[in-house]
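A.B. asks: Would you be able to build a 3D model of this:
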Amino acid sequence: MPTEKKTQIVEEIKGIFAKSNIAIFTQYQGLPTAELNVLRRKLRASNSEYQVVKNTLFRLAAKGLDKSDVIGDVSGPTAVVFGFGEISAPAKVLIEHIRDTKSNMTIKGGFLGDRRLTAAEVATLATLPPREVLLAKVFGQMKSPIAGLLGSLTAPMRGIAGVLQARIKQLEEGQNVGKS
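C.D. replies: As a prediction, this is how the structure comes out:
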C-alpha cells in the first residue's frame, strides 16, 4: 500500500514528466554532491531540471502517463534531466559537463515526446544547432529555388533591356556624329 508521501511524489513526477518535452536518464553513482550541484545550476540555466528519483516511483509515474516503454532505462541509481525549452539544450549541457569534468556520469538514454532515445541519439542531439539556426537553414533552402526561378524569369527581360539600351546608345552616337 503506497503511503501518502509516495503518492504525492509520484504525482509530482507525473506533472514534471507531462510538462517536459525531453528527458535524459543518467547514471550518477559516485559523483560528489558539489559536482551534482554545479550540474544542476548549469541545467537550470538551460531551462532544465535534474532530479534523482527512486526507480519504483519513477516507474509508477511513467506507467501512469503511458510512457512505460522508457522504464527499461531506469535501473540502478538513476537521475533524470527534464528539459522544458530547447530540445537539444539539456543534452548539450550534459555532454559538455561530462567532457569538461571528465566525470564518471554516463547517459543511459531518454525520451523525446513519445519516442525512446538511446544514449547515442542523446549524444547526437547535443550536436544539433539551436532551433533558430535550423529554421534559418530551412527557410534559406526554401528561398533558394524561388530565387533561381526569379532569376530565370527575369533573364530574358534583362537581355531585351540590354539590347534596347545598346540600340539607344548607338542611335545617340549616330546623331552626335551627324551634328559634328
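A.B. asks: so Q51 sits in a strand?
C.D. replies: Yes: applying DSSP: H, G, I helix; E, B strand; the rest coil, one finds Q51 inside a strand.
A.B. asks: Could you report the neighbour count for it?
C.D. replies: Neighbour count for Q51, taken as other Cβ atoms under 10 Å: 15. From N, CA and C alone the C-beta is placed, and that goes for glycine too.
A.B. asks: again, but for A166
C.D. replies: For A166, using other Cβ under 10 Å, the count is 10.
A.B. asks: quick one, phi/psi of it?
C.D. replies: Dihedral angles of A166 (phi, psi; degrees, to the nearest 10) stand at phi -60, psi -40.
A.B. asks: One more: T78?
C.D. replies: Main-chain dihedrals, T78, degrees, to the nearest 10: phi -130, psi 140.
A.B. asks: Nearest residue to it in space, ignoring adjacent ones along the chain?
C.D. replies: F25 (5.6 Å; Cβ to Cβ, 6 or more residues apart in numbering).
A.B. asks: Secondary structure class of the one you found, three-state.
C.D. replies: Under three-state DSSP, F25 falls in the strand class.
A.B. asks: Just confirm it contacts G76, I think it does.
C.D. replies: No: assessed by Cβ atoms under 8 Å, F25 is found out of contact with G76, at 10.2 Å.
A.B. asks: When the two are compared, which one has more neighbours?
C.D. replies: The neighbour comparison of F25 against G76 (other Cβ under 10 Å) goes to F25, with 24 against 9.
A.B. asks: Report pLDDT for that one.
C.D. replies: F25 carries a pLDDT value of 88.
A.B. asks: give me the beta-bridge partners of it?
C.D. replies: V80, G109 (DSSP bridges).
A.B. asks: and it, what does it touch?
C.D. replies: With contact set as Cβ atoms under 8 Å, 6 or more residues apart in numbering, F25 has these partners: V70, D73, V74, T78, A79, V80, I107, K108, G109, G110.
A.B. asks: The same query, at a cut-off of 7 Å, please.
C.D. replies: D73, V74, T78, V80, K108, G109, G110 (Cβ atoms under 7 Å, 6 or more residues apart in numbering).
A.B. asks: right, and I16 touches V80 too?
C.D. replies: No: using Cβ atoms under 7 Å as the test, I16 is too far from V80 to be in contact (8.6 Å).
A.B. asks: Which one's more surrounded, those two?
C.D. replies: Remark: of I16 and V80, V80 carries more neighbours, 24 against 17, as counted by other Cβ under 10 Å.
A.B. asks: Isn't that one up against Q51?
C.D. replies: Yes: contact criterion Cβ under 7 Å: V80 and Q51 qualify, at 5.5 Å.
A.B. asks: Show me what the one helix or strand in the chain whose mean pLDDT sits lowest is packed up against.
C.D. replies: Ranking every helix and strand in the chain by mean pLDDT, DSSP states H and E puts helix 55-64 at the bottom, with a mean of 79. Judged by 3 or more Cβ pairs under 7 Å, 6 or more residues apart in numbering; DSSP states H and E, helix 55-64 is in contact with helix 4-19.
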